[in-house]
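*Asks:* Provided below are the primary sequence and the corresponding predicted coordinates.
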Amino acid sequence: MDPNAQPAAPTTKKILIIEDERFIGELYERALTNAGYQITVITDGPEGLKAAQTNQYDIILLDLMIPNLTGIEILRILRDKEQTPELKSKVIIATNLEQREDVRADIERQADGYIVKADLTPKELVEVLSHIK
Amino acid sequence: MDNFKRLSSDTKAGLFIAFSINNALLIAGWWLSSQVLHLSSVAVLGVVAGIALLSIFVLTNVMAPWLLAPVKALWQSILHLSPYEHGFTAPDVSKLGLGRELVTSLTNQVYQLATLAEKGGVAEAKVPNNLHSNFIANNLPLPLFVLDDTETIQFANQAAADYIGIHSEDLTSKNVYMVLDMAFPSEHTFDKWLKDVKLHNATAGSSWERVRLNVRDNHPTRLFDLAAYYNRANPNKWETMLVLFDHTSQYSQDDQAVSFIALSVHELRTPLTLLRGYIEAFEEELGDKLTPQMSDFMQKMSATAQQLTAFVNNILNVARVDGDQLQLQLHEEDWPTIIKSAVEAIALRAKVRGINLEYTVAPNLPTVGADRLSIHEVINNLVDNAIKYSGSSKTIKIDCHLTQEGLVETTVQDFGVGIPSSVMPNLFSKFYRDHRNRAQIGGTGLGLYLSKAIIAAHGGNIWVRSKEGEGSTFGFTLVPYTKLAEELKNSDNNEIVRNAHGWIKNHSLYRR
């Protein structure tokens, strides 16, 4: 790997990836670590939620189809002031699932971003995430 | 008209004869008095003047009734029918000398109109003038709306009130578009039809399938067929009638088909994500260790995976178009930025086939209203097509400029096999491909169909120009954002523009 290919000043941002497909987790972890992020990958819904609620991540990449708790449920709990205090993390939905337009609009309203995983290579994902302030 | 021409020529002939008789009499009087009787010039003048007066008097009295006979016959027929005049008999047109054909036809029309008016009068008298007390209208199990000439609801039956969940008293005297927020699957919308028939027709009827009713307050969306009847200047002000036929359950089942496709798409996308991810990781890890040939193979693999991803998105979107579920969010976008990223995204696919993408962008293009993802797909499809049909030519030109109408136009030009004129009309239909090339070039024929739908939803146009053997140019136009925002603001649907800074949520140009 050519070290010059990555930005000179590595970001210290922390990213939580809640994703049950281990290969995708592996690819994202590799690309984002190379870009200087600190990565945590969690494959289970409730565990992912618990980690997200610690509020120590800058970005949360949230899949929608995850075991035991769906991404939509996690998002709802994260946005519920009773259950989660003000979240500093940006929540980006990363999914390959297509939903009805109204459902999608509803998710988009609650999230800070929405990406279709198949439309981006891991490198392109890094590029997209670099725009998150 | 022929009858009128005949009347006109008969009148001319009559007047010609009358004037000729008059002149002949004058000449005869002069000749008799001066040449035969050798009268003095004063006497001759007296004789001629006398004949002139006499003949004019006689001829006027003969000609006037003859000329006025047609008018008299018509007048008589109208008075004969008038309820306020008595003692008039029907005219006997058979004895008419002048304009018999025209008058016969006109009087027949008068009698026909009178019959119609009479029937109407009877019908009116029998039907109570109040729909609210009309048993049938009120108990019709289909939602019924009656509108006046200002599209204000005059009457809505109980079924209509139940259907949209508003009290029927609250419906009356509201503008229909305030109550019925309808989205149509094509450009043939109810409001366009109504505007058109109001200009051109006295009565008209039409129907629409798969109309979507956007209901407020999180009520489930309704899908129905719509029938409308228009009757200009209806005496009861019932100018337009709307009947709704609910097919929500049936059409929702069609939506399930979309869900099946959505599920399949998900199952296809996950392996694709991995495939593309690992190809990329492989390229990165091996980097300069790859031989040029291996590197070329990797690029081809990568391009192929990209193509498959694009195709999967195409399938999904075609299903959405067919299920009337394609909804676009038009944002203010800088077109050169979009075209640049779209061209970059597809450059690899062109490159592995040895094709060079050249693109030029005119300076100072206005921002456009565009749904970024969908418009990417349009460019993708057009360039993909250009690659497929490039044959041995190695250049594809993409050009963006402003048209004379002030629209942002983008053209994609290839110099390949071209399209035979016989297949041009069907090019934008689903599953259509150039028959001659079917054996040589793969593809589903979904791309252009989808592109057309996407561009239409943007309020633009898509077109093609092609010559066999010389290549094809596909072009599409987009509306500048300012224009679009203005149009949407002016429409009375204030829900489309949600955010002052150009978020147009759930935008559908096919509303109403």
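*Replies:* Yep, that arrived.

*Asks:* Nearest to chain A: which residue in the stretch 351-500 of chain B?
*Replies:* residue B:373 (8.1 Å; CB to the nearest CB). Placement of C-beta: from N, CA and C, glycine included.

*Asks:* The host helix or strand of that residue: which residues count as buried?
*Replies:* According to DSSP states H and E, residue B:373 maps onto helix B:372-388. Within helix B:372-388, the residues that count as buried by 16 or more other CB atoms under 10 Å in any protein chain shown are B:372, B:374-388.

*Asks:* before we move on, what about stretch B:179-196?
*Replies:* Going by neighbour count (16+ other CB under 10 Å), the buried part of stretch B:179-196 is B:179-185, B:189-190, B:193-194.

*Asks:* In CSV, list those along with distance to chain A and secondary structure.
*Replies:* As requested, the buried residues of stretch B:179-196 are arranged in CSV below (distance: CB to the nearest CB, whole Å; DSSP: H, G, I helix; E, B strand; the rest coil):
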residue, distance to chain A, secondary structure
B:179, 21, helix
B:180, 19, coil
B:181, 14, coil
B:182, 17, strand
B:183, 12, strand
B:184, 16, coil
B:185, 14, coil
B:189, 20, coil
B:190, 22, helix
B:193, 26, helix
B:194, 28, helix
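
*Asks:* what's the lowest-pLDDT member of these?
*Replies:* The member of the buried residues of stretch B:179-196 with the lowest pLDDT is residue B:185, at 72.

*Asks:* confidence score at residue 24?
*Replies:* Using chain A. 95.

*Asks:* Oops, wrong one, chain B.
*Replies:* Looking at residue B:24, its pLDDT is 92.

*Asks:* and the helix or strand hosting it, what other elements does it pack with?
*Replies:* When elements are assigned from DSSP H and E, residue B:24 belongs to helix B:2-31. In this structure, helix B:2-31 makes packing contacts with helix B:41-81, helix B:100-126, judged by 3 or more CB pairs under 8 Å, 6 or more residues apart in numbering or on different chains; DSSP states H and E.

*Asks:* Show me how far that helix is from its chain's centre.
*Replies:* 55 Å (CA atoms, centre = their mean, to the nearest Å).

*Asks:* Equivalent analysis for stretch B:457-472, please.
*Replies:* That offset, for stretch B:457-472, works out to 21 Å (CA atoms, centre = their mean).

*Asks:* Tell me the buried residues in that stretch?
*Replies:* So stretch B:457-472, judged by 16+ other CB under 10 Å, has buried residues B:457-462, B:464, B:466, B:471-472.

*Asks:* Output these in CSV; the columns should cover pLDDT, secondary structure and distance to residue B:275.
*Replies:* Shown next, in CSV, are those (pLDDT from 0 to 100; DSSP: H, G, I helix; E, B strand; the rest coil; distance: CB to CB, whole Å):
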residue, pLDDT, secondary structure, distance to residue B:275
B:457, 83, helix, 31
B:458, 85, coil, 32
B:459, 84, coil, 37
B:460, 87, coil, 34
B:461, 90, coil, 37
B:462, 92, strand, 32
B:464, 92, strand, 33
B:466, 89, strand, 35
B:471, 91, strand, 33
B:472, 93, strand, 32
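
*Asks:* Would you tell me which one of the residues you listed comes nearest to residue B:35?
*Replies:* residue B:461 (85.8 Å; CB to CB).

*Asks:* Run through chain A and note the low-pLDDT ranges.
*Replies:* Counting by pLDDT under 70, chain A shows low-confidence ranges at A:1-11, A:100-102.

*Asks:* Return the set of buried residues in stretch B:237-253.
*Replies:* B:238-244, B:246-247, B:251.

*Asks:* Quick one: neighbours of residue B:484, just the number.
*Replies:* 24 (other CB atoms under 10 Å in any protein chain shown).

*Asks:* domains of chain B?
*Replies:* Taking automatic domain parsing as the reference, chain B has its domains at B:3-118, B:131-246, B:260-510.

*Asks:* what packs against the helix holding residue B:373?
*Replies:* Secondary elements touching helix B:372-388 (3+ CB pairs under 8 Å, 6+ apart): helix B:292-322, strand B:328-333, helix B:335-351, strand B:395-402, strand B:408-414, helix B:447-457, strand B:471-478.

*Asks:* contacts for the very next helix or strand once past the third one?
*Replies:* Looking back up the chat, that one is helix B:335-351. Next helix or strand after helix B:335-351 toward the C-terminus (DSSP H and E): strand B:356-361. Residues outside strand B:356-361 that contact it (CB atoms under 8 Å, 6 or more residues apart in numbering or on different chains): B:335-336, B:339-340, B:343, B:346-347, B:350, B:383, B:394-400.

*Asks:* 6 Å - rerun?
*Replies:* B:336, B:343, B:347, B:350, B:395-400 (CB atoms under 6 Å, 6 or more residues apart in numbering or on different chains).

*Asks:* Most widely separated two among those?
*Replies:* So, the contacts of strand B:356-361 by CB to CB: farthest apart are B:336 and B:395, at 20.6 Å.

*Asks:* closest one to residue A:96 among the helices and strands packed on helix B:372-388?
*Replies:* helix B:292-322 (9.5 Å).

*Asks:* Give me the angle between that closest one and helix B:372-388.
*Replies:* Our comparison of helix B:292-322 with helix B:372-388, counting by axes from the mean of the first three to the mean of the last three CA atoms, to 10 degrees, yields an angle of 120 degrees.

*Asks:* touching chain A at all, helix B:292-322?
*Replies:* Yes: for helix B:292-322, a contact with chain A is found by CB under 6 Å from any CB of the partner chain, at B:309, B:316.

*Asks:* and that helix, what's its mean pLDDT?
*Replies:* Mean predicted lDDT for helix B:292-322 stands at 87.

*Asks:* go on, stretch B:166-175?
*Replies:* Mean predicted confidence for stretch B:166-175 is 83.

*Asks:* okay, that stretch in CSV with CA atoms only?
*Replies:* This file holds the C-alpha atoms of stretch B:166-175, laid out as CSV (Å, rounded to 0.1, in the frame of the first residue of the first chain):
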residue,chain,number,x,y,z
ILE,B,166,-63.3,15.0,5.6
HIS,B,167,-66.9,15.9,6.5
SER,B,168,-69.0,16.3,3.4
GLU,B,169,-70.2,19.8,4.6
ASP,B,170,-66.5,20.8,4.9
LEU,B,171,-65.9,19.7,1.4
THR,B,172,-68.4,21.9,-0.4
SER,B,173,-67.2,25.2,-1.6
LYS,B,174,-63.6,24.2,-1.3
ASN,B,175,-61.3,24.1,-4.4
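
*Asks:* Now do that stretch: distance to the chain's middle.
*Replies:* With CA atoms, centre = their mean as the basis, stretch B:166-175 stands 30 Å off its chain's centre.

*Asks:* can you list contacts of that stretch?
*Replies:* B:151-153, B:156, B:161, B:179.

*Asks:* Those in helices, which ones?
*Replies:* The helices, defined by DSSP state H, take in B:161, B:179 from the contacts of stretch B:166-175.
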